[in-house]
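S.K.: I need the structure of the sequence given here:
(one chain, ligands or ions: 1)
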Amino acid sequence: MQPTLLSHAKITAFGAYVPEQVLRNDDLERMVDTNHEWIVQRTGIYERRIASDEQFCSDLCFAAVRDLQSRYDAVLDDVDFILVATTTPDTYFPSMSARVQAEFGIASCGAVDIQAACAGFVAALQLANGLLLSGVHRKILVIGAETLSKATDYTDRSTCILFGDGAGAVLVERSEEGAFLGSYVRTTGEEGHHLYRSSLSSSIGGHPIDTTGKIVQNGREVYKWAVTQVPKGVASILEQNGCRAHELDWFVPHSANMRIVESVCEKTGIPVERTLTSMAQYGNTSAASIPLALDLALKDGRIKTGDIMLLYGFGGGLTEAALLLRWTL
Ligand code: COA
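M.R.: Now for the predicted structure:
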């Protein structure tokens, strides 16, 4: 393998959190015209976690960071930048990253939220690598957190079966021997109106949109885009880095839908057994889905220090962000 990314970054601590309340497929059967078999067969999702009425994105961020502190004995005092990837912040401003700074009493740091939907966590890792490479920053807290349930229309059976809540956090620190090996980005903004959550405008690029602020999706179009573009992106990042599909220890795609993951694996030659996903347990948690998949695999011992993994976020935008890295915990 020939790393192509200039990197001085490595992951030095990890944490995650999901809310206690569980929403199972049979609960959804009582809410909309759907059934457990259809949901499992079309998506691979069995259940999701739902934030309570009093729990918001910031609370999930705090809980994931506390988990990181306790699992890795991590010190946060010298964190000099916080990046939070989310599409469902409690407030647009103050940002969730500024809320994290205040909650943990971090004395002096930058704080920026980024919005790249389901590609957000990986996009934030790419940005963290750039900040560390600049030489200005040394220790960055990166969080992916979502309360999608608060933006889900529970009368729309085509979307409400998909989404759940959760958060994951990592510390990324400067290290001479960078562990981020390769990077890939691509954006198809022309197709953005197929998956959106409205804010102030009632159109996207001339396409009229629903203005309820709930997540709206043309599932078939998004599915077609994902199974066409993601395999191309996977092939591109692997080829650029001289890495063959079977050499990956783990492929960690955004947990949107198991059928999409299986199709990507079939097209790229990555064995499905080598993928880490979180949709069965937690549904599609957008910016949190990749860290939640890592959390499940860390807890059952599948991930080992030194493993080579490909993280691949894709979704609203439509946006893709991928990172090839060596696991350093
Ligand atoms: N329960 C039962 N039937 C449902 C249903 C549900 N929850 N949702 C839709 N259906 C029905 C449709 O009405 C349709 O019925 P019809 O054939 O009588 O018209 C049928 O199932 C097939 O609908 P379709 O939309 O083609 O289903 P699908 O196989 O594409 O699955 C998704 C729907 C949403 C699961 C799928 O399109 C998908 O996963 N898309 C990508 C979603 C995604 O990953 N988004 C996030 C990207 S980050």
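S.K.: which single residue of the stretch 101-250 of the chain ends up nearest the ligand?
M.R.: Residue of the stretch 101-250 of the chain nearest the ligand, by Cβ to the nearest ligand atom: Gly219 (2.7 Å). C-betas here are computed from N, CA, C, even on glycine.
S.K.: the closest residue to that residue other than its chain neighbours: neighbour count?
M.R.: Leaving aside its sequence neighbours, Gly219 sits nearest to Ser158 (Cβ to Cβ, 6 or more residues apart in numbering; 5.6 Å). For Ser158, the number of neighbouring residues by other Cβ atoms under 10 Å comes to 14.
S.K.: for Arg42, give its distance to Val100.
M.R.: 36 Å (Cβ to Cβ, to the nearest Å).
S.K.: quick one: contacts for Ser58?
M.R.: Going by Cβ atoms under 8 Å, 6 or more residues apart in numbering, Ser58 touches 89-90, 96, 99-100, 103.
S.K.: higher neighbour count, Arg42 and Val100?
M.R.: Ranked by neighbour count (other Cβ under 10 Å), Arg42 and Val100 place Val100 first, with 27 against 16.
S.K.: which SSE is immediately downstream of the helix or strand encompassing that one?
M.R.: Taking DSSP states H and E as the criterion, Val100 maps to helix 96-103. Once the chain leaves helix 96-103, the next helix or strand it forms, by DSSP H and E, is strand 110-114.
S.K.: can you list the strands that that following strand pairs with?
M.R.: strand 81-85 (parallel) (DSSP bridges).
S.K.: neighbouring contacts of stretch 34-54?
M.R.: Outside stretch 34-54, the residues that reach it (Cβ under 8 Å, 6+ apart) are 18-26, 28-29, 59-60, 147, 149-150, 157, 161-166, 257-259, 261, 277, 279-285.
S.K.: helix, strand, or coil at the residue most central in space within the chain?
M.R.: In the chain, the centroid-proximal residue (Cα atoms, centre = their mean) is Ala287; its distance is 2.9 Å. Secondary structure state of Ala287, per DSSP: H, G, I helix; E, B strand; the rest coil, is helix.
S.K.: ok, which residues in the stretch 51-200 of the chain are in contact with the ligand?
M.R.: Counting by Cβ under 6 Å from any ligand atom, the stretch 51-200 of the chain comes close to the ligand at 118, 157-158, 161.
S.K.: Tyr223: which of those residues is nearest?
M.R.: The closest of these to Tyr223 turns out to be Ser158 (Cβ to Cβ; 11.3 Å).
S.K.: now name the helix or strand holding that closest one.
M.R.: Secondary structure from DSSP H and E places Ser158 in helix 157-160.
S.K.: now do the helix or strand just after that helix: distance to the chain's middle.
M.R.: Moving toward the C-terminus from helix 157-160, the next helix or strand (DSSP H and E) is strand 165-174. Averaging C-alpha positions (Cα atoms, centre = their mean, to the nearest Å) puts strand 165-174 10 Å from its chain's average.
S.K.: kindly report the same for stretch 321-329.
M.R.: The answer for stretch 321-329 is 13 Å, by Cα atoms, centre = their mean.
S.K.: now stretch 15-24
M.R.: Chain-centre distance of stretch 15-24: 15 Å, with Cα atoms, centre = their mean.
S.K.: what of stretch 140-147?
M.R.: Its chain's C-alpha centre and that of stretch 140-147 lie 9 Å apart, by Cα atoms, centre = their mean.
S.K.: pretty sure Val112 is touching Pro94, no?
M.R.: No - contact criterion Cβ atoms under 8 Å: Val112 and Pro94 do not qualify, at 11.7 Å.
S.K.: for this protein, which segments count as helices?
M.R.: Under the criterion DSSP state H, the chain carries helices at the ranges 25-29, 36-43, 57-72, 96-103, 120-133, 157-160, 219-240, 258-268, 279-282, 289-299.
S.K.: could I get these as a markdown table with mean pLDDT?
M.R.: Listed next are those as a markdown table, based on pLDDT from 0 to 100:
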| stretch | mean pLDDT |
| --- | --- |
| helix 25-29 | 98 |
| helix 36-43 | 98 |
| helix 57-72 | 98 |
| helix 96-103 | 98 |
| helix 120-133 | 97 |
| helix 157-160 | 97 |
| helix 219-240 | 97 |
| helix 258-268 | 98 |
| helix 279-282 | 98 |
| helix 289-299 | 98 |
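S.K.: dump those into a markdown table; add distance to Ile50 as well.
M.R.: Listed next are the helices of the chain as a markdown table, based on distance: least, Cβ to Cβ, whole Å:
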| stretch | distance to Ile50 |
| --- | --- |
| helix 25-29 | 10 |
| helix 36-43 | 16 |
| helix 57-72 | 11 |
| helix 96-103 | 19 |
| helix 120-133 | 20 |
| helix 157-160 | 11 |
| helix 219-240 | 21 |
| helix 258-268 | 20 |
| helix 279-282 | 10 |
| helix 289-299 | 14 |
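S.K.: that's all I had, so thanks and see you.
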